[in-house]
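1. Sequence and predicted model, in that order:
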Amino acid sequence: DVAFIAVGTPPGEDGSADLKYVLAVARGIGENMDDYCVIVTKSTVPVGTAAKVRTELEGALAKRGASVEFDVASNPEFLKEGAAIDDFLKPDRIVVGISSERAEEVMRRLYKPFLLNGHPIIFMDIPSAEMTKYAANSMLATKISFMNDIANLCEIMGADVNKVRQGIGSDARIGTKFIYPGIGYGGSCFPKDVKALIKTAQENGYQMQVLQAVEGVNEAQKEVLFAKVKKHFGGDLKGKKFAVWGLSFKPKTDDMREAPSLVIIEKLLAEG
């Protein structure tokens, strides 16, 4: 009844999401399905991808002269790297974008065990579901960059950013998550998804000014720690040995994609 498309959407040179793997899987499904099926995109994809998936499916069916009913749905995943199993079993929410009652019925049956446990499932139109994933990751990236900006200002003005964090985090409208200052976000999602959403907006004649600033702050933040290290040693790092503690972009994972540590290491090596 259901086929999931869960493949990578690597960034292109211009920051847009590369859909070649998603569309290749869609063609493969179209070449082989022989009964009604809901084809669900789990991959992080820009708005409009479901329509492209539908086109690929229809093309593959037409090529083999087959007439098979199907629906396309969007069901973005919100698993955190390093805690995927726990997040899957105890999701904050399940977002499903559908375009027919039949597809909704199939997806409700699929997720029935989660509904029995009280986990919320939110049905919406497909474009909204596709946008939700990008909006969620971009919001989290925004909180990180904002807090890093505040931390830098606190240091200049003699304020304690940890006290400030406690003060604002106690406001339920803000919360305590993702307001820890550091050396910037990394990984396989935030950098890629922020860039992709900015690019999507540009392609549609709109400038995401906040996200452009978020990206700029994040890139600059990777320079902050190195500048402090260099200042501490009087501007001369040549011949010194450093241990970099914490190579991955976050705890409980070995993922070094877009890890801020890579920037630090490259700069240290460049200093000799």
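-> Sure thing, it's come through. Numbers count the residues shown, from 1 in each chain.
2. CA only for contacts and neighbour counts going forward, please
-> Noted.
3. count of neighbours near the residue nearest to Tyr180 when sequence neighbours are not counted?
-> Nearest residue to Tyr180 in three dimensions, chain neighbours excluded: Met147, at 6.6 Å (C-alpha to C-alpha, 6 or more residues apart in numbering). The number of residues packed near Met147 is 20, by other C-alpha atoms under 10 Å.
4. Then Ala227?
-> Using other C-alpha under 10 Å, Ala227 has 13 other residues around it.
5. Distance from the strand or helix carrying the residue nearest to Tyr180 to the middle of the chain?
-> Assigned by DSSP states H and E, Met147 belongs to helix 126-157. When distances are taken as C-alpha atoms, centre = their mean, to the nearest Å, helix 126-157 is centred 11 Å away from the chain's centroid.
6. in it, what's buried?
-> If you call a residue buried by 16 or more other C-alpha atoms under 10 Å, then helix 126-157 has these buried ones: 126-135, 137-151.
7. Run the angle between the next helix or strand after that helix and helix 126-157 for me.
-> The helix or strand immediately downstream of helix 126-157 is helix 161-169, counting by DSSP H and E. Per axes from the mean of the first three to the mean of the last three C-alpha atoms, to 10 degrees, the angle that helix 161-169 makes with helix 126-157 is 140 degrees.
8. so how far is the worst-scoring helix or strand of the chain on mean pLDDT off the chain centroid?
-> Lowest mean confidence among the helices and strands of the chain (mean pLDDT, DSSP states H and E): helix 84-89, at a mean of 78. Relative to the centre of its chain, helix 84-89 is centred 16 Å away, using C-alpha atoms, centre = their mean.
9. Show me what that helix is in contact with.
-> Phe78, Leu79, Lys80, Phe114 (C-alpha atoms under 8 Å, 6 or more residues apart in numbering).
10. circling back to that earlier point, what's the helix holding Met147 packed up against?
-> The helices and strands touching helix 126-157, judged by 3 or more C-alpha pairs under 8 Å, 6 or more residues apart in numbering; DSSP states H and E, are strand 70-74, strand 94-97, helix 161-169, helix 190-203, helix 209-232.
11. pLDDT of it, averaged?
-> Mean pLDDT, computed over helix 126-157, is 96.
12. now swap in stretch 1-20 and tell me
-> So the average pLDDT for stretch 1-20 ends up being 91.
13. Could you list the low-pLDDT ranges of the chain?
-> Along the chain, no part satisfies pLDDT under 70.
14. Domains in it, by residue range?
-> According to automatic domain parsing, the chain comprises the domains 2-124, 132-270.
15. Contact partners for the residue most central in space within the chain?
-> Central residue of the chain (C-alpha atoms, centre = their mean): Cys189, 3.5 Å from the mean position. Contacts for Cys189 (C-alpha under 8 Å, 6+ apart) come out as Asn137.
16. again with Ala50
-> Thr41, Val72, Ala73, Ser74, Ile126.
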